[in-house]
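Undergrad: coords please:
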Amino acid sequence: MSVILKLENINYSYIDGGMKRTILKDCSFEFEEGKFYTILGPSGSGKTTLLSIIAGLDTPESGTFYYEGIDVKKMGLTKYRRNKMAIVFQQYNLINYLTGYENVLLAMTETDNPIPKNKKGVAYALLEKFGIVKTKADRLVSKLSGGEQQRVAIARALGSNVDLIFADEPTGNLDTATEEEIIRIFKQLTEDFGKTVIVVTHSNAVSRFSDHRLKLENGQLRLMGENE
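TA: Below you'll find the model as predicted:
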């Protein structure tokens, strides 16, 4: 497997009560294409900050990350966000006055990536793939359950035809049964669609579904052992 995302000596800190607190320290890691990763760590360890950095939503103090060997800064963060990655949030971040179908269709129109001409058919097919049948796809997302909204958010991420899909505590608002269904969908993204999926979570149960379990500890990422 080739490396799709490489972190090289990422550093990040902030001022807390007049003191400088370092949460990422020379953080380096290589993510392979087509794999499902989960990142665990205690509250305040910097998991969400790290995800924000590799999603191009925040900037490290120093260090670089590369997409397919290209420095993302040189590529341009706007181009990277539009064409290379998508993010699924705990709060779904859907447009509530649009239907599920319209949310997916909008993502398909906002990327420069090649999209099939039959956008409408593809959008409905993606939603149905994840259990959102047409009658539900045509409802306002505000009328859908939490699990259904998260399925729409995942379909939206796929709609932009990117290779990297990030998720920040995507099951945090869901019950246990729905959580398991959503995590199986993330697994499906790698197995059926060949995507690289990186999920930040506090849940060991969620992490058990991933190909690689990582822990953010002392500002650095490391692979977790089988018995952790």
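
Undergrad: A strand includes M108, no?
TA: No - going by DSSP: H, G, I helix; E, B strand; the rest coil, the assignment for M108 is helix, not a strand.

Undergrad: does it touch G121 like I think?
TA: No - with contact defined as Cβ atoms under 8 Å, M108 does not count as touching G121 (11.3 Å). Glycine gets a C-beta too; all of them are placed from N, C-alpha and C.

Undergrad: quick one, which of those two is more surrounded?
TA: M108 (20 against 10; other Cβ atoms under 10 Å).

Undergrad: can you give me the helices in the protein?
TA: 47-54, 72-75, 77-83, 100-109, 119-129, 134-137, 146-159, 176-193, 204-207 (DSSP state H).

Undergrad: who touches stretch 188-208?
TA: For stretch 188-208, contacts defined as Cβ atoms under 8 Å, 6 or more residues apart in numbering pick out 4-5, 31-40, 43, 47-48, 50-51, 54, 154, 158, 162-172, 176, 179-180, 183, 186, 210-211, 213, 224.

Undergrad: show me what contacts the residue nearest the centre of the chain?
TA: Averaging the C-alpha coordinates of the chain gives a centre point, and the residue nearest to it by Cα atoms, centre = their mean is F166 (1.1 Å). Residues in contact with F166 (Cβ under 8 Å, 6+ apart) are 51, 54-55, 85-88, 197-200.

Undergrad: closest to L126 out of these?
TA: A86 (12.4 Å; Cβ to Cβ).

Undergrad: report the beta-bridge partners for the closest one.
TA: Beta-bridge partners of A86, counted by DSSP bridges, are I165.

Undergrad: these two touch, right, it and D163?
TA: No - using Cβ under 8 Å, A86 makes no contact with D163, being 9.6 Å away.

Undergrad: looking at these two, which one has more neighbours?
TA: The residue with more neighbours, out of A86 and D163, is A86; 25 against 19, by other Cβ under 10 Å.

Undergrad: which residues touch that one?
TA: With contact taken as Cβ under 8 Å, 6+ apart, A86 is in contact with 107, 156-158, 160, 162, 164-166.

Undergrad: hmm, 7 Å instead?
TA: 157, 160, 162, 165 (Cβ atoms under 7 Å, 6 or more residues apart in numbering).

Undergrad: any idea how far Q150 lies from S45?
TA: Per Cβ to Cβ, to the nearest Å, Q150 is found 24 Å from S45.

Undergrad: so if I had to pick from the two, which one is more boxed in?
TA: Neighbour count, other Cβ under 10 Å: between Q150 and S45, Q150 has more, with 28 against 19.

Undergrad: pull out the buried residues from the helix or strand of the chain with the lowest mean pLDDT.
TA: For the chain, using mean pLDDT, DSSP states H and E, the weakest element among its helices and strands is helix 204-207, scoring a mean of 87. Residues of helix 204-207 classed as buried by neighbour count (16 or more other Cβ atoms under 10 Å): 206-207.

Undergrad: and that helix, C-alpha only, in CSV?
TA: Output of helix 204-207 as CSV, limited to C-alpha atoms (Å, rounded to 0.1, in the frame of the first residue of the first chain):
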residue,chain,number,x,y,z
ASN,A,204,-12.5,1.6,22.4
ALA,A,205,-15.6,-0.1,21.0
VAL,A,206,-15.4,2.0,17.9
SER,A,207,-11.7,1.5,17.5
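
Undergrad: centre of the chain to that helix, how far?
TA: Relative to the centre of its chain, helix 204-207 is centred 16 Å away, using Cα atoms, centre = their mean, to the nearest Å.
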